[in-house]
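Enquirer: 3D, please:
(one chain, ligands or ions: 1)
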Amino acid sequence: MIEFESVSKEYPGGAAAVSGFSCTVPSHRTVVLLGSSGCGKTTLLRMVNRMVEPSAGRVLIDGEDVRGRDPVELRRSIGYVMQHGGLLPHRTIADNVATVPVLTGTPRREARRAAAALLERVGLDPALGGRYPAQLSGGQQQRVGVARALAADPNILLMDEPFGAVDPIVRRDLQRELLQLQAELGKTIVFVTHDVDEAFLLGDEVVLLEAGGRIAQRGAPAELIARPASDFVRDFIGADRAERRLRAVEVSGRRVAVDGEGRPVGVLEP
Ligand SMILES: Nc1ncnc2c1ncn2[C@@H]1O[C@H](COP(=O)(O)OP(=O)(O)OP(=O)(O)O)[C@@H](O)[C@H]1O
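Expert: Alright, predicted model coming up:
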């Protein structure tokens, strides 16, 4: 469990990036921090592994203030996936994945073997382990980023717009694979995105942020749709989403759901 207790952050010379943010991320759940650029999502995420120190308030992991933890050891114990993969360009894929286990004492050969299994787990051919990051597609690099974050078998995964830089089809694949992985692994995940659909697909709970890290609303995706707490929430999640009425039409023997303007939104199960 991760607890943010009234955390604030003022960067030198800047306005408050986050003020008085409180939130609990239950163990084995995915909480998505959703909001526009600059609302403080990354700042909040990085407070968990002490890449950012709060100006006030504290962050607890399983009841323990992270300030009492050695930052290097803390970072190695938490998986972190960045938007552009953050892979080391001059190391092979296998070595990128094996970096933290090797640093924490796993013999290199064993770490490489584990890396190959992890690559498979995230849907990559383990033979890619011998390549360098630049020899992989963007989507493949993101998968490696996830494998690397999982390598030390952390309880917590921090994911900062991990699928933001890939095309919509690959993005969809990565999202589904993450759901599958999470169903198997049950990590405690904090996932940052500005994409409403991604947040609603992945989040057990969504925390919608306004400027300055203020919580506009938090809840299960369906709650945000059913009862948006303000006009801001209504607008952010898609002004018409809550009001959109769907109806079914018959097309080539299947029932297709269409919205009020006749746009198809999906096929209904028989
Ligand atoms: N190292 C820093 N020094 C000064 N100001 C910073 C620093 N990092 C972030 N900020 C400012 O703090 C605010 C919040 O930034 P943050 O990166 O947390 O937002 P974000 O919601 O993650 O945005 P994005 O989606 O664009 O990454 C912004 O106004 C940003 O300019």
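Enquirer: where's Gly219 relative to the ligand, distance?
Expert: Gly219 sits 20 Å away from the ligand, going by CB to the nearest ligand atom, to the nearest Å. All C-beta atoms are positioned from the backbone trio N, CA, C, and that covers glycine.
Enquirer: again with Glu269
Expert: As judged by CB to the nearest ligand atom, Glu269 and the ligand stand 36 Å apart.
Enquirer: three-state assignment of that residue?
Expert: Under DSSP: H, G, I helix; E, B strand; the rest coil, Glu269 falls in the coil class.
Enquirer: Quick check, pLDDT for it.
Expert: Reported pLDDT at Glu269 in the predicted model: 84.
Enquirer: Look at it and say how many residues are nearby.
Expert: Per other CB atoms under 10 Å, the neighbour tally for Glu269 reads 6.
Enquirer: In the sheet, which residues pair with the most centrally placed residue in the chain? Tell me.
Expert: Compute the mean C-alpha point of the chain, and by CA atoms, centre = their mean the closest residue is Phe191, 2.4 Å away. Legend: beta-bridge partners of Phe191 under DSSP bridges are Val32, Met159.
Enquirer: Settle this for me: it is touching Val31, isn't it.
Expert: Yes - counting by CB atoms under 8 Å, Phe191 does reach Val31; the two are 7.3 Å apart.
Enquirer: which neighbours do those two share?
Expert: Shared contacts of Phe191 and Val31 (CB atoms under 8 Å, 6 or more residues apart in numbering): Gly203.
Enquirer: what packs against the longest helix along the chain?
Expert: Criterion DSSP state H: the longest helix present in the chain is helix 168-185. On a contact count with 3 or more CB pairs under 8 Å, 6 or more residues apart in numbering; DSSP states H and E, helix 168-185 meets helix 138-150, helix 196-202.
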